[in-house]
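>>> sharing a sequence plus its predicted fold:
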Amino acid sequence: MEMTVSPVSPAAVSPVHHESLLVAADQLNVFFPILQHGVTVPAIVGCSLKSLLCDQFYIPADYVTDRITTIFLDNRPVDDLEHTMIQHDSRVTLSAAMPGLVGATMRRGGFYAALRGGISHGLDDGTATNNSGTIRLKLFNLLLAELGPLVLERGILLTPQELSGLRREQPNLLTSVAEGDSVLLSVTFNN
């Protein structure tokens, strides 16, 4: 799967530091805990979830349809990506197929989706506003390895607390950033 990275507009965020790292591909798993916990990502908001994934993250539409089978927006399962709007500070969770009845029930457009009708994200009738903002993105299971590099290369905003946590795991990362600073971090993985 070949995906390109959408550039992040500096106007979209104003952290204290911009940092770029080149990391060995076998070190991707270092970032799995923060990707599962959720990372703040600069984005154009006021657009559809499909636009966010396909137009901003450049994830191929067939990958979104076939591989990302479970999507939550603000902790509610989503079925219709084209009519679900992303707002500033939205929480987006992406997962490949999950096992069992719960996985089948949460699967987008699945046979058991009707069982969760009361908790599913409703359709938005608003129009796109396309403003700069941020979203909180979480990745799970197979998507960690498949989409993690794309998200990290695009850039994530780390609070001082998140940066401290990452430093505890990898003390040699981001040594040039002072304690208490926020950072827009872009990570590129070499093969």
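The structure has been received and is ready for your questions. On a predicted model such as this, the values are computed, not experimentally measured, just so you know.

>>> C-alpha only now, for contacts and for neighbours.
Fine.

>>> show me where this structure has its strands.
Secondary structure of the chain (DSSP state E): strands located at 17-24, 39-45, 47-48, 70-73, 76-77, 85-86, 90-95, 131-139, 156-158, 183-190.

>>> which of the residues in the first one are buried?
Neighbour-count burial for strand 17-24, with 16 or more other CA atoms under 10 Å as criterion, is recorded at residue 18.

>>> show me what that strand packs onto, helices and strands only.
Packing contacts for strand 17-24, counted by 3 or more CA pairs under 8 Å, 6 or more residues apart in numbering; DSSP states H and E, involve strand 183-190.

>>> dump the C-alpha coordinates for the strand it packs on into CSV.
As requested, the backbone C-alpha atoms of strand 183-190 are provided in CSV (Å, rounded to 0.1, in the frame of the first residue of the first chain):
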residue,chain,number,x,y,z
VAL,A,183,6.2,20.2,19.8
LEU,A,184,4.9,19.5,16.3
LEU,A,185,6.7,16.2,15.6
SER,A,186,7.1,14.7,12.1
VAL,A,187,8.6,11.2,12.0
THR,A,188,10.0,9.6,8.9
PHE,A,189,10.9,5.9,8.9
ASN,A,190,13.7,4.6,6.7
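
>>> and it, average pLDDT?
Within the predicted structure, the mean pLDDT of strand 183-190 is 92.

>>> how far is it from where the chain is centred?
Centre-to-centre, strand 183-190 and its host chain are 14 Å apart (CA atoms, centre = their mean, to the nearest Å).

>>> tell me which other helices or strands that strand touches.
Partner elements for strand 183-190 (3+ CA pairs under 8 Å, 6+ apart): strand 17-24, helix 143-154, strand 156-158.

>>> for the ones you listed, which one sits closest to residue 32?
Closest approach to residue 32 among the helices and strands packed on strand 183-190 (CA to CA): helix 143-154, 6.4 Å.

>>> from the chain's centre, how far out does that closest one sit?
Its chain's average C-alpha position is 8 Å from that of helix 143-154, according to CA atoms, centre = their mean.

>>> from the contact counts, what lies against that helix?
Helix 143-154 makes packing contacts with helix 32-37, strand 183-190 when contacts are defined by 3+ CA pairs under 8 Å, 6+ apart.

>>> pLDDT score for the residue most central in space within the chain?
When CA atoms, centre = their mean is applied to the chain, the residue found nearest the centroid is residue 137 (3.2 Å). At residue 137 the predicted local distance difference test score is 98.

>>> distance of it from residue 179?
From residue 137 over to residue 179 the distance is 24 Å, taken as CA to CA, to the nearest Å.

>>> now swap in residue 161 and tell me
Note on residue 161: its distance to residue 179, by CA to CA, is 9 Å.
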